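>>> need a 3D model of the following:
(4 chains)
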2 protein chains.
Amino acid sequence: MSEMESRFTEHRLTPQRRLVLQIFLENRDRHLSAEELYNLSREKEKEIGIATIYRTLELLEELGLLRKVNFGDGRSRYELIQMDLSEHHHHHLLCLSCNRIIEVEEDLLHQLEDTIEQKHHFSIVNHNLQFFGYCKSCQKNRQPND
Amino acid sequence: MSEMESRFTEHRLTPQRRLVLQIFLENRDRHLSAEELYNLSREKEKEIGIATIYRTLELLEELGLLRKVNFGDGRSRYELIQMDLSEHHHHHLLCLSCNRIIEVEEDLLHQLEDTIEQKHHFSIVNHNLQFFGYCKSCQKNRQPND
DNA sequence: ATATGTGCAAAGGTTTTGCAGGGCC
DNA sequence: GGCCCTGCAAAACCTTTGCACATAT
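Residues are numbered from 1 along each chain as shown, chains lettered A, B, ... in the order given. Below you'll find the predicted structure:
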């Protein structure tokens, strides 16, 4: 945790903020919304006010610890930013049947980014790539005309 | 318009729905929100109730005429689905400085899609690709540490 | 003592829903 | 008539904000 803690130089690492981080570490595979964090904090019997959760998420994003992701379900979700070099290379597969979200490490986007930077004189900072489709298990179970 | 009208077999092509479609055709380069459509309908002095606009957008999406896109600005936006084969190949450049949205036709994603379909047994139906960065004119005007 | 953080409640913004009235087949 | 459509107003949701109190330096 010290890599993370070291980012709290001008901000206090309060029990609430620590708990939010802990919940993310315990749920690395999930993309949590404010409400889900609120419920998870209650399950731990360390309830955090919902306003504090929103403010904490905003802060953790500023500190570069979380990334806000939008899966079009009407609420903002957050994921831990992995602190290794492969971080930039990471996309999401969204299953239209079971709503599962699968992370994917492949990255063949460099070539495309180069093309776009040159052709459109657009300086790329980041990207967001989502694939919609059907996951392995839903393909098995799916009726022909789903 | 007849290609579009032909999709209204089980639903009526009412003046309100026709106007919404017309506004999209007149603003092909924009990604309109419900509120913007509401304002544009008022400018034409043919105001449509905001609830009707929401319901119309939902319907037009079901009919495959519009696509809902989310640019993270807290409201849903819609774009006309182009009815040619290049439709699938179309991405967005979002300028972090002036918030302009630029459409891009490049598509080098097939290779990546194939890799993902094989490696993850995920059947891809569609994708969403956004690049965040700085557009040509904002790069010129930008201070070194923006 | 001062700045920062928290929780509550209220407000804000977007979207959905219920319902009465209107139009079309 | 019956079904679909519209508009209004209310409700539902998610998120932000104001403020008083608490906590840390």
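
>>> C-alpha only now, for contacts and for neighbours.
Noted.

>>> so which bits of chain A are right by chain B?
For chain A, the residues in contact with chain B (CA under 8 Å from any CA of the partner chain) are A:70, A:72, A:93, A:106-109, A:112, A:116, A:120-136, A:139.

>>> longest strand of chain A?
Secondary structure of chain A read by DSSP state E shows that its longest strand is strand A:123-134.

>>> that strand packs against which elements?
Using 3 or more CA pairs under 8 Å, 6 or more residues apart in numbering or on different chains; DSSP states H and E, the elements in contact with strand A:123-134 are strand A:91-95, helix A:110-120, strand B:123-134.

>>> residues making contact with the last one?
Contacting residues not belonging to strand B:123-134 are listed as A:122-136, A:139, B:88, B:91-97, B:113, B:117 [CA atoms under 8 Å, 6 or more residues apart in numbering or on different chains].

>>> any of these buried? List them.
Neighbour counting by 16 or more other CA atoms under 10 Å in any protein chain shown classes A:122-124, A:127-135, A:139, B:91-96, B:113, B:117 among those as buried.

>>> just to revisit the earlier point, reformat the helices and strands packed on strand A:123-134 as CSV; add distance to DNA strand D and mean pLDDT.
Formatted as CSV, the helices and strands packed on strand A:123-134 follow (distance: least, CA to the nearest atom of the strand, whole Å; pLDDT from 0 to 100):
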stretch, distance to DNA strand D, mean pLDDT
strand A:91-95, 18, 91
helix A:110-120, 29, 89
strand B:123-134, 19, 90
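
>>> residues contacting the residue nearest the centre of chain A?
The centre of chain A sits closest to A:Glu79, judged by CA atoms, centre = their mean, with a distance of 2.4 Å. By CA under 8 Å, 6+ apart, the contact set of A:Glu79 is A:Phe24, A:Arg28, A:Arg30, A:His31, A:Leu32, A:Leu66, A:Arg67, A:Lys68, A:Val69.

>>> what's the neighbour count on A:Glu62?
The tally of other residues near A:Glu62 (other CA atoms under 10 Å in any protein chain shown) stands at 11.

>>> ok, the longest strand of chain A: who's next to it in the sheet?
Applying DSSP bridges, strand A:123-134 is found paired with strand A:91-95 (parallel), strand B:123-134 (antiparallel).

>>> in CSV, list the C-alpha atoms belonging to the shortest one.
This points to strand A:91-95. Output in CSV follows, covering the C-alpha atoms of strand A:91-95 (Å, rounded to 0.1, in the frame of the first residue of the first chain):
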residue,chain,number,x,y,z
HIS,A,91,-9.7,-2.7,-23.0
HIS,A,92,-13.1,-4.0,-22.0
LEU,A,93,-15.4,-6.7,-23.4
LEU,A,94,-19.0,-6.1,-22.4
CYS,A,95,-21.3,-9.0,-22.7
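
>>> show residues contacting the following helix or strand past that strand.
Using DSSP states H and E, the next helix or strand after strand A:91-95 towards the C-terminus is strand A:101-104. Strand A:101-104 has contacts (CA under 8 Å, 6+ apart) with A:His90, A:His91, A:His92, A:Leu93, A:Leu94, A:Cys95.

>>> partners of strand A:101-104, with directions?
strand A:91-95 (antiparallel).

>>> just want the angle from the partner strand to helix B:109-120.
Following axes from the mean of the first three to the mean of the last three CA atoms, to 10 degrees, one obtains 70 degrees for the angle between strand A:91-95 and helix B:109-120.

>>> so how far is strand A:91-95 off the chain centroid?
Centre-to-centre, strand A:91-95 and its host chain are 12 Å apart (CA atoms, centre = their mean, to the nearest Å).

>>> over to stretch A:67-87?
Centre-to-centre, stretch A:67-87 and its host chain are 2 Å apart (CA atoms, centre = their mean).

>>> that one close to DNA strand D?
Yes - interface with DNA strand D: stretch A:67-87 contributes A:Gly74, A:Arg75, A:Ser76, A:Arg77 (CA under 7 Å from any atom of the strand).

>>> in TSV: those residues, plus secondary structure, neighbour count and pLDDT.
Listed next are the residues of stretch A:67-87 next to DNA strand D as TSV, based on DSSP: H, G, I helix; E, B strand; the rest coil; neighbours: other CA atoms under 10 Å in any protein chain shown; pLDDT from 0 to 100:
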residue	secondary structure	neighbour count	pLDDT
A:Gly74	coil	11	90
A:Arg75	coil	13	94
A:Ser76	coil	17	96
A:Arg77	strand	21	96
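
>>> just the buried members of the contacts of A:Glu79?
In these, the ones that pass as buried (16+ other CA under 10 Å) are A:Phe24, A:Arg30, A:His31, A:Leu32, A:Leu66, A:Arg67, A:Lys68, A:Val69.
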